[in-house]
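Visitor: need a structure here:
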Amino acid sequence: TMDLPSQGIYDSNVKPSDVRVVIFGSTGYIGRYVTKEFIKQGYRVTAFAREQSGVGGKKSKDDVVKDFEGADVRFGNVTDVESCKCAFDTEEVDSGRKSVVVVSCLASRGGGIEDSNKIDYQATLNTLKAGREFGASHFVLLSAICVQKPLLEFQRAKLKFEAELQREAEVDPSFSFSIVRPTA
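Guide: Below is the predicted model of the structure:
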């Protein structure tokens, strides 16, 4: 099961249907399974994807919508913070809902300096900024176990973003985060 932390926005009295989970990188290898699991458990899911998405960019918009039945599917570009904001609903923020969680399953394709900084750091930072603007009080980051001893650029970029989460939590004690570091 997907459990959200007991601090911050989630407690035992909150039902999954009261929590909006916005997932970036929803069509990637891991993101697809994460998205489907949140849908299955009854969370209000927004899956954010590129127009040509999935592993290798082989899925059309229709494919993605069909794949994530039960989710609100939105399309945009994570390298543009304004585009990331399209994943969130102003009405939910205005209604006082505080149960907004951002999940980032973003990962660079090549792992080189430019790609890693663009996706693993900057695009992920864009999702954090957009989420915070729309009231997200918890962020889940899919990182990697290898960031503990970074040798490659994508590892350094992910570690750099982990530090951004730390800073955000220090500035705002009501903000919480989880970092998932799976093995290969």
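Visitor: and the residue located most distally from the centre of the chain, how far from R109?
Guide: Ranking residues of the chain by C-alpha distance from their mean position (C-alpha atoms, centre = their mean) puts L151 at the top, at 24.4 Å. For L151, the distance to R109 (C-beta to C-beta, to the nearest Å) stands at 18 Å. The C-beta positions use only the backbone N, C-alpha and C, and glycine is treated the same way.
Visitor: and F134, by the same measure?
Guide: Distance of F134 to R109, computed by C-beta to C-beta: 27 Å.
Visitor: those two: which is more packed in?
Guide: Set side by side, F134 and R109 give different neighbour counts by other C-beta atoms under 10 Å, the larger being at F134 (20 against 13).
Visitor: which residue, other than its chain neighbours, is closest to the more buried one?
Guide: Counting by C-beta to C-beta, 6 or more residues apart in numbering, F88 is the residue found nearest to F134 once chain neighbours are left out, at 3.6 Å.
Visitor: so the residue farthest from the centre of the chain, which state does it fall into?
Guide: coil (DSSP: H, G, I helix; E, B strand; the rest coil).
Visitor: and the pLDDT at it?
Guide: The confidence metric pLDDT takes the value 85 at L151.
Visitor: now N13: how far from V102?
Guide: Here the criterion is C-beta to C-beta. By it, N13 lies 22 Å from V102.
Visitor: sorry, that was for G111
Guide: For G111 relative to V102 (C-beta to C-beta), the value is 23 Å.
Visitor: could you point out which element follows the least confident helix or strand in the chain by mean pLDDT?
Guide: Ranked by mean pLDDT, DSSP states H and E, the helix or strand of the chain with the weakest confidence is helix 90-94, at a mean of 64. Secondary structure here is assigned by DSSP states H and E; on that basis, the next helix or strand after helix 90-94 toward the C-terminus is strand 100-104.
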